[in-house]
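> Need the 3D shape of this:
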Amino acid sequence: MSLLAESPVARLPVTELNIGYYAHHHGAGHVTRALAIAAAFDGPLTLFGSRLPERVALPNVQLCPLPPDVAAGVEGEAFACLHYAPLGVAGLRERMGLLVDWFRRAWPCLLVVDVSVEVALLARLCGVPTIYLRQRGSRFDAAHELAYASASRLLAPYPDCLEEPGTPAAWRAKTCYAGSLSRYAGQGPDRGREPGTITVIAGHGGTAFSRARLVAAARACPAWHWTVLGPVLEDAIEAPANLTFLGSVADPAPWLTRAELVVGSAGDSLVAELADLRCRFLCLPDARPFDEQLSTGRLLAAQDLAITCESWPADEDWPGLLARARELDPERWAAVSDGEGARRAAACIRQVAHEVLA
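Predicted coordinates for the structure are as follows:
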């Protein structure tokens with residue numbers, strides 16, 4: 001795969017560089033990661049997205065909500081070099097227009113893209129440099145190649161020991177490996193683990209964690225107490241006494257640090273939080289484009305960071321899986337998280353902005 005040659009940039013006398021950050025709306029992890037980086041960033045940052053919180057506590061962050069890029073009855077047409085290019089969607093025109101308006105007002109500026117091939121290419125076609133967030137999985141298609149090639153730098157929210165096998169050397173050389181990025185950086189567990197307790201995290205981006213499956217798992221392991229956080233579709237199945245559903249919570253840290261084991265999917269945000277909090281992890285990857293979570297789960301298992309099941313376990317398999325997860329050494333997470341990931345990412349953004357604009 002070839003990379004586009006770096007082209008010269010018109011260099012201006014810069015007194016302040018404006019940084020934008022586009023956070024994708026699928027799941028909660030992109031915005032969570034953006035805010036972790038923003039907290040370590042030493043200047044103003046404009047956060048774009050269509051799933052932003054109403055407000056944030058960070059004084060350097062300005063929120064710019066974008067309208068949804070979908071419309072009823074409109075299919076998302078794709079091409080070799082574009083993942084999503086529907087026709088006639090008003091929200092798509094509006095969101096792209098808002099981004100272009102900001103490019104004009106904020107110049108000289110740089111856009112961090114987490115993630116969207118189309119947004120990255122829009123910025124580049126407007127002469128705005130980008131830093132593109134990398135994700136795991138089989139992202140060797142023409143669209144990703146173009147986004148990576150057009151970016152001034154690539155940023156990986158994981159260490160190089162969890163790099164995707166087969167990644168081209170040119171992409172590796174262009175990548176800043178920040179390590180894990182989470183809101184719990186440097187915290188670690190602040191209390192002893194309670195033996196026989198499990199915290200289950202059901203994600204917001206679509207999940208296989210149904211009430212029926214969790215009820216069956218809890219019944220298969222009556223000696224364990226299970227607490228489920230996150231959205232799980234309600235039904236009439238009665239939960240056993242050792243299973244509690246708490247729904248979505250703003251901060252799962254108290255449950256993550258107290259539990260002996262955590263069961264969850266392989267989303268980047270959750271994996272980063274478990275790394276920072278040094279949790280023993282039973283990983284059940286959810287289906288995602290480009291096999292992103294499946295790849296993550298395999299890499300974690302290969303590094304003895306998690307016990308990974310590529311499909312939902314049979315009821316009779318749960319006791320053995322929990323016993324294996326109990327034997328994991330949580331200090332192995334130190335290779336993934338040293339508490340400095342957000343600082344490294346923020347430093348990368350500032351360095352690239354000065355290199356290409358100052």
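> From Glu118, how far off is Trp102?
16 Å (CB to CB, to the nearest Å). (Each C-beta comes from the backbone N, C-alpha and C, glycine too.)
> and if you look at Phe140?
Taken as CB to CB, the span from Phe140 to Glu118 is 18 Å.
> of these two, who's got more company?
Glu118 (18 against 14; other CB atoms under 10 Å).
> and the helix or strand hosting the more buried one, what's its mean pLDDT?
In this structure, Glu118 is located in helix 117-125 according to DSSP states H and E. Across helix 117-125, the average pLDDT comes to 98.
> again, but for stretch 273-281
Rounded mean pLDDT across stretch 273-281 is 97.
> again, but for stretch 199-211
87.
> any idea how the chain splits into domains?
Following automatic domain parsing, the chain resolves into domains at 18-179+340-357, 194-335.
> could you dump the ones you listed to TSV with distance to Gly186?
TSV is the format used below for those (distance: least, CB to CB, whole Å):
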stretch	distance to Gly186
domain 18-179+340-357	8
domain 194-335	7
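> which one of the ones you listed lies closest to Gly188?
domain 194-335 (5.8 Å; CB to CB).
> For that closest one, what is the distance to the chain centroid?
17 Å (CA atoms, centre = their mean, to the nearest Å).
> Ser116 contacts His26, doesn't it?
No: with contact defined as CB atoms under 8 Å, Ser116 does not count as touching His26 (10.2 Å).
> The two: which has the busier surroundings?
Between Ser116 and His26, counted using other CB under 10 Å, Ser116 has the larger neighbour count: 21 against 13.
> low-confidence ranges in the stretch 101-250 of the chain?
The stretch 101-250 of the chain contains residues with pLDDT under 70 at 190-191, 205-206.
> That one: strands as residue ranges?
109-114, 130-133, 153-156, 175-177, 194-201, 225-229, 243-247 (DSSP state E, counting those that start in this stretch).
> quick one, which of the ones you listed is nearest to Ala301?
strand 194-201 (18.0 Å).
> So which elements touch the closest one?
strand 225-229, helix 253-258, strand 259-264 (3 or more CB pairs under 8 Å, 6 or more residues apart in numbering; DSSP states H and E).
> Met96 is nearest to which of those?
strand 259-264 (34.2 Å).
> and the direction of that closest one versus that of strand 225-229, what angle?
50 degrees (axes from the mean of the first three to the mean of the last three CA atoms, to 10 degrees).
> Report the mean confidence score over strand 259-264.
Here the average pLDDT along strand 259-264 is 98.
> other SSEs contacting it?
Secondary elements touching strand 259-264 (3+ CB pairs under 8 Å, 6+ apart): strand 194-201, helix 268-277, strand 281-283, helix 318-326.
> ok, 10 Å please
Counting contacts by 3 or more CB pairs under 10 Å, 6 or more residues apart in numbering; DSSP states H and E, strand 259-264 is packed against strand 194-201, strand 225-229, helix 253-258, helix 268-277, strand 281-283, helix 318-326.
> could I get the ones you listed as CSV with mean neighbour count and distance to Glu54?
Listed next are the helices and strands packed on strand 259-264 as CSV, based on neighbours: other CB atoms under 10 Å; distance: least, CB to CB, whole Å:
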stretch, mean neighbour count, distance to Glu54
strand 194-201, 19, 23
strand 225-229, 20, 22
helix 253-258, 18, 22
helix 268-277, 27, 20
strand 281-283, 25, 32
helix 318-326, 16, 37
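> how about those, which one is nearest Met96?
Nearest to Met96, of all these, is helix 268-277, at 25.4 Å by CB to CB.
> Give me the angle between the closest one and strand 109-114.
90 degrees.
> Just give the nearest non-adjacent residue to Glu238, would you?
Leaving aside its chain neighbours, Glu238 sits nearest to Val215 (7.7 Å; criterion: CB to CB, 6 or more residues apart in numbering).
> thinking that neighbour is in contact with Ala241, fair?
No: in this structure, Val215 is not within contact of Ala241 by CB atoms under 10 Å, at 11.5 Å.
> helix or strand for Arg298, which one?
Going by DSSP H and E, Arg298 is part of helix 292-302.
> same question for that helix, mean pLDDT?
For helix 292-302, the per-residue pLDDT averages 97.
> Flag every buried residue along that helix.
Glu292, Gln293, Leu294, Ser295, Thr296, Gly297, Arg298, Leu299, Leu300, Ala301 (16 or more other CB atoms under 10 Å).
> residues in contact with whichever helix or strand comes after that helix?
Next along the chain after helix 292-302, taking DSSP H and E as the criterion, comes strand 307-308. If you take CB atoms under 10 Å, 6 or more residues apart in numbering as the criterion, strand 307-308 is touched by 261, 263, 266, 280-285, 293-294, 296-302, 320-328.
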